[in-house]
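Participant: Dropping the sequence and predicted coords here.
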Amino acid sequence: MTTNLALEGTIDKILKNTENSILSSLKISLDDSKHNLDDSVTKLESEYDKIISDGKKEADKLEKQIVGGSDIEARNKQLLALEAAVNRVFTTALEQITNSARNSEYANLIKSLLEESTKILGTTQVKVFTNAKDKDVVKSSLSNFAGSELSSKTIDCIGGVKIESKDGAMKFDNTIDAKIDRLKPLIRKEIASKFGVKQ
């Protein structure tokens with residue numbers, strides 16, 4: 001029973017940290033943009049409660065499997081259950097971001113992504129690519145980046161920007177999709193270490 005409580009507590013903590021990590025990494029330096037997510041808090045909490053409930057059911061199943069089965073098989077199933085829960089959090093967060101309004105708070109996020117991208121490349125002399133939905137927001141933000149230009153080609157992404165130097169030698173993908181993809185391995189590693197499972 002202690003194992004079950006520890007598992008439940010750890011799943012609860014990891015899922016909460018995962019959700020906060022995703023949202024805060026996307027909104028870095030944009031404290032004002034958190035107001036944009038207030039309307040979706042209820043939906044996220046409802047999904048979070050469902051994930052916890054599913055996680056508890058899965059934990060109960062895993063406890064029975066550990067008692068009756070081999071440790072390796074149980075550990076693999078445990079990782080799969082945790083990964084499924086993490087994927088549900090990612091899916092929920094992506095849906096919220098995809099459906100968010102392209103308002104002034106979102107414009108602040110785009111400006112922040114552009115600032116980060118140009119800082120990484122070390123120049124504002126860049127060509128910027130974005131999706132069709134963000135094109136107007138990105139275009140208005142580019143006025144702050146002398147020498148930058150918006151590509152007429154659109155890219156397939158949830159939001160954000162890809163930039164490249166005008167000579168094409170340097171590129172940086174700062175789409176929301178890429179940011180989330182960069183987070184996933186770190187979250188999986190953290191979950192595995194919490195349970196002492198080597199990947």
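Facilitator: Looks like it arrived, so ask away.
Participant: Could you list the low-pLDDT ranges of this structure?
Facilitator: 1-4, 6-7, 15, 18-48, 55, 65-72, 74-75, 85, 191-192, 195-199 (pLDDT under 70).
Participant: what kind of secondary structure is the residue lying closest to Ile120 once chain neighbours are set aside in?
Facilitator: Beyond its immediate neighbours in the sequence, the residue positioned closest to Ile120 (Cβ to Cβ, 6 or more residues apart in numbering) is Phe172, lying 5.2 Å away. From N, CA and C alone the C-beta is placed, and that goes for glycine too. Reducing the assignment to helix, strand or coil with DSSP: H, G, I helix; E, B strand; the rest coil, the entry for Phe172 is strand.
Participant: Helices of the protein, residue ranges please.
Facilitator: If you assign secondary structure with DSSP state H, the helices in the chain sit at 2-26, 41-68, 71-98, 104-121, 135-141, 176-194.
Participant: out of those helices, which comes closest to Ile163?
Facilitator: In this view, the helices of the chain are compared for proximity to Ile163 by Cβ to Cβ, and helix 104-121 is the closest at 4.6 Å.
Participant: What's the local residue count around the closest residue to Gln125 other than its chain neighbours?
Facilitator: Across the structure, with Cβ to Cβ, 6+ apart as the measure, the residue nearest Gln125 apart from its sequence neighbours is Gly147 (4.1 Å). Applying other Cβ atoms under 10 Å, we find 11 residues neighbouring Gly147.
Participant: Would you agree Gly147 is in contact with Val128?
Facilitator: No: in this structure, Gly147 is not within contact of Val128 by Cβ atoms under 8 Å, at 11.1 Å.
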